[in-house]
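J.: Structure of the sequence below:
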Amino acid sequence: MSIEVNNISKLYGHQKALDQVSFSVSKGSITGFLGPNGAGKSTMMKILTCFVPPNSGVAKVCGLDVQENSYEVKKNVGYLPEHNPLYLDMYVKEYLAFVAGVHKIKNIDIRVKEMVELTGLTIEQRKKIGALSKGYRQRVGLAQALIHNPQVLILDEPTTGLDPNQLIEIRNLIKELGKEKTVLFSTHILQEVKAVCDNITIINKGKIVANSDTHTLQTNHNKNSILKVEFDRPITLAELQNISGVLSVQKKSGNSWHLSFSKQHDIRQEIMKFALSQNYTILSMQIQELSLEDIFQKLTNS
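T.: Residues are numbered from 1 along each chain as shown. Next up is the predicted model:
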């Protein structure tokens with residue numbers, strides 16, 4: 001495993017930001033680290049990048065303990081923080097050369113050129129960072145995280161401030177990087193997770209509430225199906241509950257209802273028979289499964 005987290009807890013005064021968190025990220029995979037604001041995502045990332053020590057537990061990156069081998073861990077990790085700290089008075093190429101020098105990289109000019117091209121900074125490379133848009137500043141932050149060719153990339157909200165075209169470019173870049181490197185990144189854009197990630201880890205109130213590949217997560221939360229059905233006039237809850245195969249009933253707006261049923265027992269034929277027998281007209285009927293957004297809300301709204 002490239003990242004191993006075992007029973008990590010972190011306190012800020014009396015507030016517990018992380019509560020015995022455990023998860024792992026395998027080598028060469030892309031994991032989306034999700035959670036509401038204040039759930040503990042950034043704190044966990046700061047621990048993995050040796051900026052903040054945990055109060056208890058063990059975290060390892062590339063087999064190295066983040067507390068006992070922090071210097072070596074930093075060599076193996078590229079980090080883009082949530083609030084991208086940049087020297088605004090430095091030029092793009094000047095800043096990247098400075099970071100490369102900190103990492104004692106040989107052939108700095110060649111490496112800077114490679115990063116400028118890789119992150120799409122070519123047309124902005126001679127500007128001061130302070131003159132760049134927020135999206136291009138994110139690209140500079142990503143370039144500095146990559147410049148020392150780390151084995152693990154930890155990216156906290158890497159696509160913040162990007163326009164739709166830039167978003168697609170950075171997503172594709174992350175996917176390409178994931179073929180060779182281990183990537184852990186946080187985001188609030190769930191479509192981004194579906195498009196990029198192999199695995200999902202969800203944290204809520206300092207605790208891990210889900211940790212699996214995207215397919216398994218959705219399969220486990222879609223053991224029953226939902227039928228969206230709209231009738232032409234009002235109907236009672238009791239009538240729907242009495243239909244064979246209906247597990248639960250939820251009233252929606254107007255004359256619309258959500259009916260839960262087992263995947264092994266499709267209730268659509270039963271609904272049609274019921275409507276015909278009671279002289280109701282079905283205006284619409286559609287099977288719906290929980291989306292990633294629905295699952296996220298279900299796990300984090302408790």
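J.: what's next to the host helix or strand of Leu240, contact-wise?
T.: In this structure, Leu240 sits in helix 237-241 according to DSSP states H and E. With Cβ atoms under 8 Å, 6 or more residues apart in numbering as the test, helix 237-241 has contacts from Val246, Val249, Lys251, Trp257, Leu259, Phe274, Gln278. No exception for glycine: its C-beta is placed from N, CA and C like everyone else's.
J.: after that helix comes which helix or strand?
T.: strand 246-251.
J.: So in that sheet, which strands flank the very next helix or strand once past that following strand, and in what orientation?
T.: Later in the chain than strand 246-251, the nearest helix or strand by DSSP H and E is strand 256-262. The pairing partners recorded for strand 256-262 under DSSP bridges are strand 224-231 (antiparallel), strand 246-251 (antiparallel).
J.: which other residues reach strand 256-262?
T.: With contacts defined as Cβ under 8 Å, 6+ apart, strand 256-262 is touched by 224-231, 235, 240, 243, 245-252, 267, 271, 288.
J.: Equivalent analysis for stretch 110-118, please.
T.: Residues outside stretch 110-118 that contact it (Cβ under 8 Å, 6+ apart): 92-93, 96-97, 100, 105, 121-122, 125, 143-144, 146-147, 173.
J.: Just put the strands paired with strand 256-262 in JSON lines and tack on mean neighbour count, distance to Gly32 and mean pLDDT.
T.: Below are the strands paired with strand 256-262 laid out as JSON lines (neighbours: other Cβ atoms under 10 Å; distance: least, Cβ to Cβ, whole Å; pLDDT from 0 to 100):
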{"stretch": "strand 224-231", "mean neighbour count": "18", "distance to Gly32": "24", "mean pLDDT": "88"}
{"stretch": "strand 246-251", "mean neighbour count": "14", "distance to Gly32": "29", "mean pLDDT": "90"}
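J.: Kindly reformat these as CSV containing distance to Thr159.
T.: What follows is those, written out as CSV (distance: least, Cβ to Cβ, whole Å):
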stretch, distance to Thr159
strand 224-231, 31
strand 246-251, 34
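J.: which one of these lies closest to Ile208?
T.: With distances scored as Cβ to Cβ, the stretch of the strands paired with strand 256-262 nearest to Ile208 is strand 224-231 (24.3 Å).
J.: The contacts of stretch 110-118: which two are farthest apart?
T.: Maximum pairwise distance among those (Cβ to Cβ): 21.1 Å, between Ala97 and Leu173.
J.: give me the beta-bridge partners of the closest residue to Pro150 other than its chain neighbours?
T.: Distance criterion Cβ to Cβ, 6 or more residues apart in numbering; nearest residue to Pro150, sequence neighbours excluded, is Gly78 at 3.9 Å. With DSSP bridges as the criterion, Gly78 is bridged to Leu153.
J.: Return the set of buried residues in the helix-or-strand element of the chain with minimal mean pLDDT.
T.: Confidence across the helices and strands of the chain bottoms out at helix 214-220, with a mean of 80, counting by mean pLDDT, DSSP states H and E. For helix 214-220, the neighbour count (16 or more other Cβ atoms under 10 Å) marks Thr214, Leu217, Gln218 as buried.
J.: Spell out which residues sit in contact with the first one, please.
T.: Same thing as Thr214. Thr214 touches Val193, Lys194, Cys197, Asp198, Asn199, Ile200, Leu292, counting by Cβ under 8 Å, 6+ apart.
J.: Tell me, how many residues neighbour Val92?
T.: Neighbourhood size, Val92 [other Cβ atoms under 10 Å]: 27.
J.: thought it was touching Gln144?
T.: No: using Cβ atoms under 8 Å, Val92 is not in contact with Gln144, being 10.2 Å away.
J.: Got the domain ranges for the protein?
T.: Listed by automatic domain parsing, the domain ranges of the chain are 3-217, 221-300.
J.: pLDDT averaged over whichever strand or helix holds Arg139 - what is it?
T.: For Arg139, the element it lies in under DSSP H and E is helix 134-146. Mean per-residue pLDDT for helix 134-146: 91.
J.: for it, packing partners?
T.: If you count contacts as 3 or more Cβ pairs under 8 Å, 6 or more residues apart in numbering; DSSP states H and E, helix 134-146 packs onto strand 77-80, helix 92-102, helix 108-118, strand 152-156, helix 164-177.
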